[in-house]
Structures are given as structure tokens and as C-alpha cells.
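Novice: Quick one: sequence plus predicted model below, questions after.
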Number of protein chains: 2
Amino acid sequence: MEDNTVRFGLLGCIRYASKFVRTVTQSSNAVIIAISDPSLETANTFAAANNLSPETVNVYGSYDELLNDPRVDAVYLTMPVTQRGKWAVTAAEKKKHLLVEKPPAQNSAEIDTIVEACESNGVQFMDGAIWLHHQRTVKIKETMFDSGLLGDVRHMYSTMTTPIPEQVLERLTKEAMGLAGAIGELGWYPIGAALWAMSYRMPTSVRALPSSIATNSVGTILSCSASLQFGPTADATETATAIVHCSFLSQLSTDLAISGSKGSIQMNDYVIPYKEDTAWFKYTSGAKFVDMHIGWNMMPEKVMVDCVGTEESQEAMMLKEFVRLVQGFKQGESEADRRWPEISRKTQLVVDAVKKSVDIGCEVVYL
Amino acid sequence: MEDNTVRFGLLGCIRYASKFVRTVTQSSNAVIIAISDPSLETANTFAAANNLSPETVNVYGSYDELLNDPRVDAVYLTMPVTQRGKWAVTAAEKKKHLLVEKPPAQNSAEIDTIVEACESNGVQFMDGAIWLHHQRTVKIKETMFDSGLLGDVRHMYSTMTTPIPEQVLERLTKEAMGLAGAIGELGWYPIGAALWAMSYRMPTSVRALPSSIATNSVGTILSCSASLQFGPTADATETATAIVHCSFLSQLSTDLAISGSKGSIQMNDYVIPYKEDTAWFKYTSGAKFVDMHIGWNMMPEKVMVDCVGTEESQEAMMLKEFVRLVQGFKQGESEADRRWPEISRKTQLVVDAVKKSVDIGCEVVYL
């Protein structure tokens, strides 16, 4: 391992981190060399469950110990969102590159602090919004946006809803979920999708939509819809609206619909595709009703995107991109790719604005 | 024709009315016996284009003449929306049953006037929102709503966008399009869809969404999104939000997505199905991510609804329902079915509220 292999450590051993371990294990240029959790028992159980041998993987009962392990190049943070900011900064100071589960922080000020720590310590930052790395996402950008088939974006609709059992809802405290609750935890996806579709142009204003908002008895936001207005600016005259919806009170839905001046795109599994080895999106371009309005002049086109094996899963593609950037540093690169932290920062700014709108009775919040 | 056949007259000979003629022609218990247009030339051209023989169909150069034809049982109104209210009332006074293209009026006061005229003259009223009559629509209600597969509706998204050439946009005057512009002309569908999904429970408030609004130089609304809030009421504690979007500036899109506590439904052609002889909707119920979040525990179910021949097209189903009601009167029924005028009235009330929200700078409007 004197070569270019990126050596990962886990900060947090939640069950979901198994997916990351699986992806790294299948990768040829990354390896897990350490895991950590405030509970050593949790860490040991995780190691056993994920076939991480004590001969090759150090198991720590604290994040500090792992961060003091000089062999670790990069860390994957999965602890509760309320602790991510603090540990991300500490990790950056220990010169570890950062892959941080979404939402990476509780608000944009905290993200700024993390990104500054990364900049001054010369490490890369990326959040864990996996879908941005899926080959389907890349393909849509090329075939629909860059080609002009979609035209100008007019209206977007995006959801991330996933149900939580009723008895668990009350246990979702702000300590576990962060101040923005579902807006950060789930809304990260639809808000990120709207920004992605707008090529990261920021909305001019946002507004939470009253009847969509639900909280539990301790005030954690469980459900919220919001509209994002992309008004005219000095740089962009075209206007657009995005509707984002996130909820722990609805069945699983991950819809993304984009309506443009020339075409439209639909997906119902943009966050995590139905199946790992294949994904698709549907679109029409130049659609109209036929004469007498008894049908359409076309059916939606279904574009398949095959992901051959788990090496091309969206997790693998994210890892590949992150490893590429870390390898750049290992080979002497001195500056981080600012695109990824900028995407996180913009997403968080919108999350914050939606949260603020909720706080002030669904009034408009300008950005 | 001394039998139970319903004898139709057309008030207005726009091109789109050909669809209605085709449907009536294929029906065994309805017939077109007269057509009219303020321009006799337009009426004659329409008659020739639609194979309406002068031997069986009277062609009139004014609506009054047709309404004075005692053989006419029922009329189909397609003149510009700004004239529908006046002619609907006149037709009701002449004891003609009314099938009125949507939107049937310019505002809810006008609908009330029409419905009162129908009530006091003992004639049936129905607007031309065809999709409500499609067998798919009926099937969704049974299989998703009544069965409990969907659960409580939480969030809805519905669009009706259809592009109009740029040079024509400026010619869309308020005289042609009515005061509500695209909100009445196109928004009738997504607003109607939201009400349908909520079993005609009215929203507690609505709000237009600023960046979505576009007008032409004469002030006609060309594009608008709005959120409908279904807040808690004395009768219903569950809250829901609907997003409706209508536009002449986007490519054709007719999406309807409903996200519920237990399931979700998706259609992309709810207004007019892609094909006349078959239609489908997709749903999931009880969907969740599989372990490690690398996929879903199910794929969306595609439910096909076959419409055998044009006799089961949505136009045919609408005609069937309307004819059934008119035949009831011919057989001595003295009261109209109040369900259809009530659907129109509620839809118009929401159209009016959205229009008002646009007028007052996208502030909330309570209903």
C-alpha cells in the first residue's frame, strides 16, 4: 500500500455504512483500514458483520483515535448530523480528506467552517449525495440539457419521502436530526435536484407551503413542501419554479419531473434506482396532441442506462470521483476541486432558507 | 327519432368540436341534428369537413336560431369562454341540456348563474373535462383510493402545459381567453385533478407562486403555478398540499403524481391518454428501499386499462354519462344530477382563488 491506493477510515458505524464498505471492498484503488465509533461494541459488531478482519482493519472506540492514525488518508462521516460539523473540522485539521453523509452540517455557516478547514488544510470535501454520480444523471445532462432537447427549464417537481414507523417519529429529536429535520435529512435530495437542473443557479426566493408542514411533539420537522423561485437576474432572464417535497409521513417516493420549453423529463427513482444494475429516464421533446386531440404525436422515450456490475453502481461512481481527487493530492496536487463543496454549500443555503420560511410562518425568504 | 335518442346541437363550430361530432356519430343513442356559428360560412365549412349532411343536420348562422329549434334536446357549447356564460343561460331558458367546454365560465358567480338557470329550467349541466370519465380515472379511484392502497393523500402534483407559437401568444386577449387566462383554460385540469384526488374536499387556501407567472403584453396570464393547501377542518384532520402548474410556454406535459401515506400513483397523460385504445397508470404501495439502500423492494406496478374501440374512449364515456342523464329527463326525471355542476363550481372557485392570488401579488387567498 505504498502505491496510490486511498486508505479510508469510518467515523461512525451505522448500519447504512455497510454500503460504503461494500463499494470500497469492490474497488481496486481504495481500502478500508480503520473504523471507529464512540461505542467500541458497535464498532466491533460492525466489523464482524461486514467481514472487516482485525488483521487489516483497526477498530477504534473513539473518532479521535482513528483521526490520529497517520495511515488514514480519507474519512467517511456518518455520525448524526449534529456532530458532523465538529468532526469534519477536526478531521480536516488532521489532514484527512472528507466524504460526509448528507446533510453534511446543520446550516450553511457550519458548512463554510468545514470548507474553510478543508481549504486551509489542503484536503478535499464532498458530501454523500450519491445520485449526482450516477451515469444516468450524467447522461440526462448531456442528452437533454446540453443538446437542447429540453429547452429552458420552466417547472420542476421533486420529492424524497420515506415513511418512518409512528412510534419512532416521536424519537426524532433535534439532537438526532438537526435543526432542519426532514428538510435537511430528506429535502437535501429534491433541493439538490432543482439546483442541479438549474445548473446551480441559485433561487431568488423560497417559500415553505403551510399545509405541508408537520412536526412531532418535540418540534422536529417531519414533512415540508416548498417552492423555489428562480426569478430573473442580471445574468439570467428566464424564470423557473421548483417544487420540493420531503416527508417521513408518506410512502417512499423519489420523483423528479422537469418541464421545459421544448421537452420534459420524468424519473420516479432518481435518488436510488429501483435496481442497481440498470436505470432509465423518460422524456418527450416536441410532444403535442394529434389532430382532434385524441392522443399524442409520440410516446415518451425510455432511455436505458446500464451499469455493468456493482463497479458501476452510483456508489462506485461516487467513490471513483472522490478517489480520483484524493489521488491527485497524493500525487502532489495542492488545491481541492471546489465544485463539490460549492454544490453542498448552495444546497445548504436553500435548505436554510426553507427552514427559515417555516420558522416565520411560511413567509417568503429572499436569497 | 321519437325514441330515446338524444338530439344534439352545436353552439360554435371550432375545429376541436370535430371530436365531439365523431363521438356522437359513433354513438347509438345520440345524434347531431343541428350546428350553428355566428359565421354561417364557418358552420358550412364545418358541416362539410365533418360529413354532416344538410339532409339530416340543420346549419344555422346564429346561436339563437339553433336554440329556437324545438327538436334540439341538448347543446354542446364551444364558443370563446367569455361568451359561454351568456349562451349557457339562454340555452337553459330554452330548455336545452348543457354540455359546456371547460372552463364553462369566467368566474364562479357566472357558473352559479348558469347552474341556477339549469335548475329552474329543469335541464342537466356538465362541463367538458373529459378525463374524469375515462375508465382509467374510475379504476384508480377504486383500486387505489377506495381500497386503501394509497392511504391518505399527502402531496399532489399536476400539470397541463401546451405550447403556443410565439407569434400567437400576443393574440391571446382577455376577450378570447377570459380573465383567468391559462388558469382557466389549462389550469382547469390540474385544479380539477387535485379536487378529484381529495374527493372534492375544498382547499383551505391557495397561493400563486411568483416566478411561475408570465403574461403577454395585454395582460393575459400565460403561465402560472400555485399551491393548494388542504388544511385541517372540522370534518378532516389530515392535511395535504397540491401543486398545480399550467402554461402555454412549456412543451406538452400532463403529469399527475399523488403521494400518499401508503402508496403513490403516477401518470403522465392523465388529460388525454397517449393512445385512444389503451391507457395505464403506475403505482407502488408499501415501497421501501431494500437493505443497504441499493434498490427498492418493488418496481412500480403498471395497470393497463383497455378501451375497446372508440366506443370506450373517454369522449364516448362522457357522452354516455351525459346522454344517460338527459334520457332520464326525457323519461320524466325532474331533477338534475347535482354532482356534475358541483364539480364545475368547486373547480371554478379554486381557479378564481388562484387568479385572485396572482392579482394581489401572490399573497395567500383563503377559501
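Specialist: Yes, it's here.
Novice: How about A:Thr90: what's its closest non-neighbour residue?
Specialist: Excluding the flanking residues, the one nearest A:Thr90 by CB to CB, 6 or more residues apart in numbering or on different chains is A:Leu67, at 6.2 Å. C-beta: built from backbone N, CA, C; applies to glycine.
Novice: ok, that neighbour to A:Gln251 distance?
Specialist: Counting by CB to CB, to the nearest Å, the separation of A:Leu67 from A:Gln251 is 40 Å.
Novice: so after the lengthiest helix in chain A, what's the next helix or strand?
Specialist: The longest helix of chain A (DSSP state H) is helix A:339-359. With elements assigned by DSSP states H and E, the helix or strand that comes after helix A:339-359 is strand A:365-366.
Novice: what sits up against that next one?
Specialist: With contact meaning CB atoms under 8 Å, 6 or more residues apart in numbering or on different chains, strand A:365-366 is reached by A:Thr204, A:Ser205, A:Val206, A:Arg207, A:Ala353, A:Val354, A:Lys356, A:Ser357.
Novice: Quick check, pLDDT for the nearest residue to the fourth one once chain neighbours are set aside.
Specialist: Closest residue in space to A:Arg207, ignoring its immediate chain neighbours: A:Val364 at 4.8 Å, by CB to CB, 6+ apart. In this model, A:Val364 is scored at 93, pLDDT.
Novice: Equivalent analysis for A:Pro203, please.
Specialist: pLDDT recorded at A:Pro203 is 97.
Novice: Can you classify it by secondary structure?
Specialist: Look at A:Pro203: counting by DSSP: H, G, I helix; E, B strand; the rest coil, its state is coil.
Novice: Please work out how many residues are found near it.
Specialist: A:Pro203: 28 surrounding residues under other CB atoms under 10 Å in any protein chain shown.
Novice: what pairs with the closest residue in space to it that isn't next to it in sequence across the strands?
Specialist: Using CB to CB, 6+ apart and skipping the chain neighbours, the partner closest in space to A:Pro203 is A:Leu228 (4.1 Å). Beta-bridge partners for A:Leu228, by DSSP bridges, are A:Val206, A:Ala242.
Novice: Counting neighbours, what do you get for A:Leu228?
Specialist: 28.
Novice: How about A:Ser28?
Specialist: Other residues within reach of A:Ser28, judged by other CB under 10 Å, total 8.
Novice: so what pLDDT did it get?
Specialist: 92.
Novice: any idea whether it is helix, strand or coil?
Specialist: Here A:Ser28 is recorded as coil under three-state DSSP.
Novice: Over to A:Trp131?
Specialist: Here A:Trp131 is recorded as helix under three-state DSSP.
Novice: Tell me which residues touch it, please.
Specialist: With contacts taken as CB under 8 Å, 6+ apart, A:Trp131 has the following neighbours: A:Thr137, A:Tyr189, A:Ala193, A:Tyr270, A:Val271, A:Ile272, A:Gln314.
Novice: Check those and tell me the two furthest apart.
Specialist: Pairwise distances across the contacts of A:Trp131 (CB to CB) peak at 14.0 Å, for the pair A:Ala193 and A:Gln314.
Novice: The two: which is more packed in?
Specialist: A:Ala193 (29 against 24).
Novice: Skipping adjacent residues, who's closest to that one in space?
Specialist: Take A:Ala193 and drop its neighbours on the chain: the residue closest to it by CB to CB, 6+ apart is A:Ser158, 4.4 Å away.
Novice: Pretty sure that neighbour sits against A:Val244.
Specialist: Yes. Counting by CB atoms under 8 Å, A:Ser158 touches A:Val244, with 5.4 Å between them.
Novice: Low-confidence stretches in chain A?
Specialist: The model of chain A has pLDDT under 70 over residues A:1-2, A:309-310.
Novice: list the contacts for the residue nearest the centre of chain A?
Specialist: In chain A, the C-alpha nearest the mean C-alpha coordinate belongs to A:Ala129, at 2.0 Å (CA atoms, centre = their mean). By CB under 8 Å, 6+ apart, the residues touching A:Ala129 are A:Lys102, A:Trp188, A:Tyr189, A:Gly192, A:Ile343, A:Thr347.
Novice: Taking the residues you listed together, which two end up most distant?
Specialist: A:Tyr189 and A:Ile343 (12.6 Å).
Novice: higher neighbour count, those two?
Specialist: Taking neighbours as other CB under 10 Å, A:Tyr189 and A:Ile343 compare with A:Tyr189 leading, 25 against 18.
Novice: That one sits in which helix or strand?
Specialist: Counting by DSSP H and E, the element that carries A:Tyr189 is helix A:188-197.
Novice: A:Trp280 too?
Specialist: Assessed by DSSP H and E, A:Trp280 sits inside strand A:278-285.
Novice: again, but for A:Val305
Specialist: Using DSSP H and E, the element containing A:Val305 is strand A:301-306.
Novice: got the CA coordinates for the helix or strand following that strand in PDB?
Specialist: Following strand A:301-306 in sequence order, the next helix or strand is helix A:314-330 (DSSP H and E). Extracted in PDB, the C-alpha atoms of helix A:314-330 (Å, rounded to 0.1, in the frame of the first residue of the first chain):
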ATOM      1  CA  GLN A 314     -23.800   5.100  -8.200                       C
ATOM      2  CA  GLU A 315     -21.800   4.400  -5.000                       C
ATOM      3  CA  ALA A 316     -18.900   3.100  -7.100                       C
ATOM      4  CA  MET A 317     -19.000   6.200  -9.300                       C
ATOM      5  CA  MET A 318     -19.000   8.500  -6.400                       C
ATOM      6  CA  LEU A 319     -16.100   6.600  -4.800                       C
ATOM      7  CA  LYS A 320     -14.200   6.800  -8.100                       C
ATOM      8  CA  GLU A 321     -14.600  10.500  -8.300                       C
ATOM      9  CA  PHE A 322     -13.600  11.000  -4.700                       C
ATOM     10  CA  VAL A 323     -10.600   8.700  -5.000                       C
ATOM     11  CA  ARG A 324      -9.500  10.500  -8.200                       C
ATOM     12  CA  LEU A 325      -9.400  13.700  -6.300                       C
ATOM     13  CA  VAL A 326      -7.600  12.300  -3.300                       C
ATOM     14  CA  GLN A 327      -5.100  10.600  -5.600                       C
ATOM     15  CA  GLY A 328      -4.500  14.000  -7.100                       C
ATOM     16  CA  PHE A 329      -3.400  15.300  -3.700                       C
ATOM     17  CA  LYS A 330      -1.300  12.200  -3.100                       C
END
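Novice: Surely the residue nearest to A:Ala193 is in a helix?
Specialist: No. If the criterion is three-state DSSP, then A:Ser158 is strand and not within a helix.
Novice: ok, it to B:Met267 distance?
Specialist: Noted for A:Ser158: a distance of 17 Å to B:Met267, by CB to CB.
Novice: So these two - more neighbours on which side?
Specialist: Neighbours per residue, other CB under 10 Å: of A:Ser158 and B:Met267, the larger number sits with A:Ser158, 28 against 23.
Novice: Am I right that A:Thr56 is in contact with A:Ile33?
Specialist: Yes. Using CB under 8 Å, A:Thr56 is in contact with A:Ile33, at 6.9 Å.
Novice: Looking at these two, which is more packed in?
Specialist: A count of neighbours by other CB under 10 Å puts A:Ile33 above the other of A:Thr56 and A:Ile33, at 22 against 11.
Novice: does that one count as helix, strand or coil?
Specialist: Per three-state DSSP, the local secondary structure of A:Ile33 is strand.
Novice: pretty sure A:Asp269 contacts B:His293?
Specialist: No. Judged on CB under 8 Å, A:Asp269 makes no contact with B:His293 at a distance of 12.0 Å.
Novice: So for the two, which sits in the more crowded spot?
Specialist: A:Asp269 (24 against 17).
Novice: What values do phi and psi take at that one?
Specialist: phi -140, psi 40 (degrees, to the nearest 10).
Novice: distance of it from chain B?
Specialist: Here A:Asp269 is placed at a distance of 7 Å from chain B (CB to the nearest CB, to the nearest Å).
Novice: Run through the residues that contact that residue.
Specialist: Shown in contact with A:Asp269 (CB under 8 Å, 6+ apart): A:Thr254, A:Ala279, B:Trp296.
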